[in-house]
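Chemist: sequence and predicted structure below; questions after.
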Amino acid sequence: MDEITLALENIEYKLRKLIERNRHLLHRIAELEKLNEQLHDEIRLKTDGNARLREELIAVKSAKSLEGMDKSMAKQKINELLREIEKSTVLLNR
């Protein structure tokens, strides 16, 4: 009888340890999921910021390329850029 009682107590102890470990792991999973969501939000913000900076860079480069040109050359350059934009729009809409 003592062996059975001892075995049952051992099983009960191990079960309590497993339940405690499971509770700890579930808590850790929740923390990591929250951190993962925060990191995804940060990536989205950085990606959006990066896209804005690229657009700004393109605008600055375009402005610098027009700098020092006479009006007719500037208009020609603007028309070329508009044609490129239209081509890109057509490709995106496919």
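Modeler: Structure received.
Chemist: can you list the weak-confidence ranges in the chain?
Modeler: 1 (pLDDT under 70).
Chemist: what helix or strand is the residue nearest in space to the middle of it on?
Modeler: Nearest to the mean C-alpha position of the chain, by Cα atoms, centre = their mean, lies Ile43 at 3.2 Å. Using DSSP states H and E, Ile43 sits in helix 2-66.
Chemist: report the next helix or strand after that helix in sequence order.
Modeler: In N-to-C order, the element after helix 2-66 by DSSP H and E is helix 71-93.
Chemist: re earlier: what is the helix holding Ile43 packed up against?
Modeler: Helices and strands touching helix 2-66, by 3 or more Cβ pairs under 8 Å, 6 or more residues apart in numbering; DSSP states H and E, are helix 71-93. C-beta coordinates here come from the backbone N, C-alpha and C atoms, glycine included.
Chemist: how distant is the helix it packs on from the center of its chain?
Modeler: 31 Å (Cα atoms, centre = their mean, to the nearest Å).
Chemist: much appreciated, bye for now.
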